[in-house]
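Asks: turn this into a model:
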Amino acid sequence: MDNKNLFVWILTLFQTTLFFAQVKLPSPHDYYTPMNMGTFMPKIPTLDIYRTDEKQHINQQNERLMREDMLREKRQKETLRQIGEDIIEFRNVDYNLPLFSNENSAEFYSNVFDKMLTLNVENYSIKDVNFQIENAYFENKLDQEEFERAIKQTGEFLIAKMKESNYDLNSNVAKNFMLFEFFTQTLQVKGFKEKHFPLKYDFEDYRGNEQWSKMFVSKLLKTGKGQCHSMPLLYLILAEEIGAEAYLSLSPNHSYIKFQDEKEKWHNIELTNGMFTVSSFILNSGFIKAEAIQNHIYMKNLSKQELLSQFYVDLSMGYIHKYGHDQFVEKVTNKALELYPNSIGANMILSNLYTIRFENATKKIGINPRDNKELQKIKYYPQVINWLDQTNNQYAKIDALGYQAMPDEAYENWLNSLKETKNKQDNENFKKQFKGLSIKKTKE
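Replies: Okay, the predicted model is just below:
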């Protein structure tokens, strides 16, 4: 998902004239500093010089070049003097972003990060990791016992409903169909006092731009409303609770659930609208390039390790919304990329961080990075040059992965397209299919 700090502009390399030569803005392999700036070299005289008075023309040529060199040297010294004054003024500047991790409340994020580093990447509790990340945002004020009790009771409710409906308790299809019904239908079980109502999509601030906790499972459990972040996570937590196998999958600005039937065929569950969908529906969003499929950033069932990478992304995002971008964000995001190098979420966070860091550095040395003329001055600040290179390289990586920005309006229109007749019919067919596969062949 994008966040509010993403810059829509991409820094590019510009050219300017300096000392009669064309100079490019610094790049990793081609930049100028006062130490390596070359002297202008004139063209070799043509043979026309020698056709009349060879010696006279050679002397004239040499005198002219000497005058030009002296004038050029004078100009160069004056320019370097001015640059030197700037460098002296800013040589002790700390170009780094402010460190929010020094704040007392930020320690909760550091503690969760340290705990996550100890996890077995293929065997950990989705419920526990998710709770710890949400609890860090609330500075350890969430009630863990209440959270775990809600998950446990829901799991018992689901198993009881499966038994009451004569669903096969050993069938992965049956368990996933039960979970689907839990999210989409009103359910009641004998022996349970409370009736369960379907979970609803929360259209208010569904990206969490104003209040990041809108993205949380704890909020979904309390209100019965969520979106494409919290709903799939709750689904996975409950799947873990009843022993179902299901996977998180990503598409532009979105996440959904995938599971396999007994014939190893994959199926998609769209929880925001409570429907089974075909893969072509996801592709019809119009914002999934072939490169994105090839690089496995979309429509892939995330392994347990890749899901843990996504949790590191969630940890970074909560920290960013609470504090901002700093070196802690970079550390957490790099861990996410270590587990899942093509994670589009982690790569986007890194691009935002690099962009903000570069702009922060240019402001400290009095340069407006959006002004082409002023931007030329960064060639005298190697650290800032390096950060520009990193920013450009990160943008290039995201482009190479096949990322394409999806506007909010396009995303909402795509979700609403589920209501079309064909998609509704596909959903009903899937429901009948899974209903039949879920029921035991013979009653015990």
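
Asks: so residue 383 lies in a helix, does it not?
Replies: Yes: using DSSP: H, G, I helix; E, B strand; the rest coil, the assignment for residue 383 is a helix.

Asks: quick check, pLDDT for it.
Replies: pLDDT, residue 383: 86.

Asks: excluding its backbone neighbours, what's nearest it?
Replies: residue 95 (5.5 Å; C-beta to C-beta, 6 or more residues apart in numbering). Placement of C-beta: from N, CA and C, glycine included.

Asks: list the contacts of the one you found.
Replies: 357, 360, 361, 364, 383, 384, 387 (C-beta atoms under 8 Å, 6 or more residues apart in numbering).

Asks: again, 10 Å this time
Replies: 357-358, 360-365, 381, 383-384, 386-387 (C-beta atoms under 10 Å, 6 or more residues apart in numbering).

Asks: could you do residue 149 as well?
Replies: Residue 149 neighbours (C-beta under 10 Å, 6+ apart): residue 143.

Asks: quick one: buried residues of the helix or strand hosting it?
Replies: Residue 149 belongs to helix 144-164 when assigned by DSSP states H and E. Residues 147, 151, 154, 155, 157, 158, 159, 161, 162 are the ones in helix 144-164 that count as buried (16 or more other C-beta atoms under 10 Å).

Asks: just the element for residue 306, please.
Replies: helix 304-322.

Asks: what packs against that helix?
Replies: helix 107-117, helix 126-137, helix 230-242, strand 247-251, helix 327-339, helix 344-364 (3 or more C-beta pairs under 10 Å, 6 or more residues apart in numbering; DSSP states H and E).

Asks: measure the spatially closest residue to residue 301 that is not a sequence neighbour to residue 132 for me?
Replies: Distance criterion C-beta to C-beta, 6+ apart; nearest residue to residue 301, sequence neighbours excluded, is residue 247 at 3.6 Å. Spatial separation of residue 247 from residue 132 under the definition C-beta to C-beta, to the nearest Å is 21 Å.

Asks: tell me who's in contact with the nearest residue in space to residue 111 that is not next to it in sequence.
Replies: Excluding the flanking residues, the one nearest residue 111 by C-beta to C-beta, 6+ apart is residue 136, at 7.4 Å. By C-beta under 10 Å, 6+ apart, residue 136 lies in contact with 105-113, 142, 315, 318-319, 322.

Asks: switch to 7 Å and redo it
Replies: Contacts for residue 136 (C-beta atoms under 7 Å, 6 or more residues apart in numbering) come out as 108, 109, 112, 318.

Asks: and the average pLDDT for the helix or strand where residue 267 lies is what?
Replies: For residue 267, the host element (DSSP H and E) is strand 266-270. In this model, strand 266-270 has a mean pLDDT of 93.

Asks: same question, stretch 219-229
Replies: Across stretch 219-229, the per-residue pLDDT values average to 94.

Asks: swap in stretch 190-206?
Replies: Mean predicted lDDT for stretch 190-206 stands at 87.

Asks: what's next to that stretch, contact-wise?
Replies: Contacts for stretch 190-206 (C-beta under 7 Å, 6+ apart): 157, 160, 164, 182-188, 211, 214, 220, 224-227, 231, 272, 274.

Asks: drop anything exposed from these.
Replies: Applying 16+ other C-beta under 10 Å to the contacts of stretch 190-206 flags 157, 182-184, 187, 214, 220, 225-227, 231, 272, 274 as buried.

Asks: returning to that earlier point: next secondary structure after the helix holding residue 149?
Replies: helix 172-184.

Asks: ok, back up a step: the helix holding residue 306 to helix 327-339, inter-axis angle?
Replies: Angle of helix 304-322 versus helix 327-339, following axes from the mean of the first three to the mean of the last three C-alpha atoms, to 10 degrees, is 160 degrees.

Asks: quick check: buried residues in helix 304-322?
Replies: 306-322.

Asks: and what of stretch 235-254?
Replies: Residues of stretch 235-254 classed as buried by neighbour count (16+ other C-beta under 10 Å): 235-242, 244, 246-254.

Asks: run a quick neighbour tally on the closest residue in space to residue 358 that isn't next to it in sequence.
Replies: Spatial nearest neighbour of residue 358, chain neighbours left out: residue 387 (4.6 Å); criterion: C-beta to C-beta, 6+ apart. Residue 387 sits with 22 neighbouring residues when counted by other C-beta atoms under 10 Å.

Asks: please, which helix or strand holds residue 387?
Replies: helix 382-401.

Asks: any idea which helix or strand comes after that helix?
Replies: From helix 382-401, the next helix or strand downstream (DSSP H and E) is helix 408-416.

Asks: so for that following helix, mean pLDDT?
Replies: pLDDT averaged over helix 408-416 gives 84.

Asks: can you check stretch 250-263 too?
Replies: 92.

Asks: do stretch 115-132 as well
Replies: Rounded mean pLDDT across stretch 115-132 is 98.

Asks: what is the end-to-end distance of that stretch?
Replies: Terminal residues of stretch 115-132 lie 9 Å apart, using C-alpha to C-alpha, to the nearest Å.

Asks: what of stretch 279-288?
Replies: End to end - C-alpha to C-alpha - stretch 279-288 spans 12 Å.

Asks: now that stretch: buried residues?
Replies: 281, 282, 285, 287, 288.

Asks: list the contacts for the closest residue to residue 335 other than its chain neighbours?
Replies: Counting by C-beta to C-beta, 6+ apart, residue 312 is the residue found nearest to residue 335 once chain neighbours are left out, at 5.3 Å. Contact analysis of residue 312 by C-beta under 7 Å, 6+ apart lists 116, 332, 335, 336.

Asks: run the last query once more with 8 Å
Replies: So residue 312 contacts 116, 332, 333, 335, 336, 339, 346 (C-beta under 8 Å, 6+ apart).

Asks: so residue 99 makes contact with residue 329?
Replies: No: using C-beta atoms under 8 Å, residue 99 is not in contact with residue 329; the gap is 10.6 Å.

Asks: just how off-centre is stretch 305-324 within its chain?
Replies: 9 Å (C-alpha atoms, centre = their mean, to the nearest Å).

Asks: then stretch 200-210?
Replies: The answer for stretch 200-210 is 18 Å, by C-alpha atoms, centre = their mean.

Asks: just the endpoints, please. Distance across that stretch?
Replies: Stretch 200-210: ends 20 Å apart by C-alpha to C-alpha.
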